[in-house]
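Engineer: Model the following, please.
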Amino acid sequence: MRVSRTRTAAGLAISSLVLGALPAWTAHAEPVASGAPPHASHQPYHPAATGAARHIPLQGAVNVRDVGGYRTYDGERVRFGQVFRADSLSKLTDADLAVLARLDLKQAVDFRVPAEVQYDGPDRLPAGVAPIARPITDNGLFTRMLTAIGSRDPVKQEEMLGGGRAAAFMRDVYRTFVTDSANRAQFAATLREIAFGRSPLLYHCTAGKDRTGWATYLLLRLVGVPDRTAVDDYLASNTYRSAHDARLREALRQSGTMRNPELIIPLQEVRTDYLGAALDEATERYGGLRGYLTEGLGLDAATLLKLRHRMVG
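Structural biologist: Residues are numbered from 1 along each chain as shown. Okay, the predicted model is just below:
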């Protein structure tokens, strides 16, 4: 029995590290007592019209942000309080749920694949928020990381992740956002949900940086935000995740799981060449980003106009 429990605990710890969620034995936030989350509807969300208002600090998630506030090409501003992006919501505290309740969310779209949900846990959401499972493949990232880290073998880890292989794998992940028809359908469904569905809406994956980052880049470009601004929003995940990710690497080192945990940095970060890999693929297959959006995702003129109307003003 003890061996079985040890193996289970090790598997869960490795999976948490793979998925970008801080394992319990390295967490810095004290859990809040269980029970019904406090009711917070009397404290509505009032974001300031500044960039600083975008990040929403929580105890159980590090990369939750309002997509609003950015200026468009024509000088308009993306509305605050309509769309939010996030990392995993499975470890939220009751205090976090009170914060999210003030956002008045109607729907939460989960891009995680079933294996991620199994190991990381389902979302914790305020009452009244409709969960939507919309998995987008990680192109085998979960399995690859589980194999490498779980081996505890520095030679195997170097063979799998070293020499630029981890970064190359991430570029392949991003290419699947364009090449995989199921992935395209999920991104398209989410953008249509923003255009025609109930808002405010939140979408997330595990780390809130790759699938979530690509969806946000598409949304911002669609409503007229300049490329440089959309790229900066994408890269901001590195800022919000840096301390958390550093703790994960140190935990791997201290536990003896990895001799060189820096090997996973390319998997933890977002990089312009990852985003560029998806954009290059969109150019090759569809002639550019607009072709990807209209032909690849099947977004028609009515949807594009509705997105602009919903998001900008």
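
Engineer: Spell out the residue ranges of the strands in this structure.
Structural biologist: Shown for the chain, the strands assigned by DSSP state E span residues 65-66, 83-86, 107-110, 130-133, 201-204.

Engineer: would you list those in JSON lines and tack on mean pLDDT?
Structural biologist: Below are the strands of the chain laid out as JSON lines (pLDDT from 0 to 100):
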{"stretch": "strand 65-66", "mean pLDDT": "97"}
{"stretch": "strand 83-86", "mean pLDDT": "98"}
{"stretch": "strand 107-110", "mean pLDDT": "98"}
{"stretch": "strand 130-133", "mean pLDDT": "97"}
{"stretch": "strand 201-204", "mean pLDDT": "98"}
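
Engineer: so which of these gets nearest L304?
Structural biologist: strand 83-86 (15.6 Å; CB to CB). For glycine as for every other residue, the C-beta is placed from the backbone atoms N, C-alpha and C.

Engineer: got the CA coordinates for the closest one in CSV?
Structural biologist: The C-alpha coordinates for strand 83-86 follow below in CSV (Å, rounded to 0.1, in the frame of the first residue of the first chain):
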residue,chain,number,x,y,z
VAL,A,83,-13.2,38.9,-22.1
PHE,A,84,-10.6,37.4,-19.7
ARG,A,85,-7.7,35.1,-20.3
ALA,A,86,-6.3,32.7,-17.6
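
Engineer: Identify the residues contacting it?
Structural biologist: 56, 61, 63-68, 103, 105, 194, 199-204, 208, 212-213, 215-216, 219, 311 (CB atoms under 8 Å, 6 or more residues apart in numbering).

Engineer: and if you look at stretch 153-163?
Structural biologist: Counting by CB under 8 Å, 6+ apart, 144, 147-149, 151, 166, 258-260, 263-264, 266-267 sit against stretch 153-163.

Engineer: Now do that stretch: distance to the chain's middle.
Structural biologist: 26 Å (CA atoms, centre = their mean, to the nearest Å).

Engineer: Going forward, count from 9.
Structural biologist: Understood, numbering begins at 9; the last thing we discussed is stretch 161-171.

Engineer: Put the alpha carbons of that stretch into CSV.
Structural biologist: These are the backbone C-alpha positions of stretch 161-171, laid out as CSV (Å, rounded to 0.1, in the frame of the first residue of the first chain):
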residue,chain,number,x,y,z
ASP,A,161,17.5,10.2,-16.0
PRO,A,162,19.7,13.3,-16.9
VAL,A,163,21.0,11.6,-20.0
LYS,A,164,17.4,10.8,-21.3
GLN,A,165,16.3,14.3,-20.3
GLU,A,166,19.1,15.9,-22.3
GLU,A,167,18.3,13.7,-25.3
MET,A,168,14.6,14.7,-25.2
LEU,A,169,14.8,18.3,-24.3
GLY,A,170,18.4,19.6,-24.9
GLY,A,171,20.1,20.9,-27.9
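
Engineer: Please consider this matter closed, and thank you.
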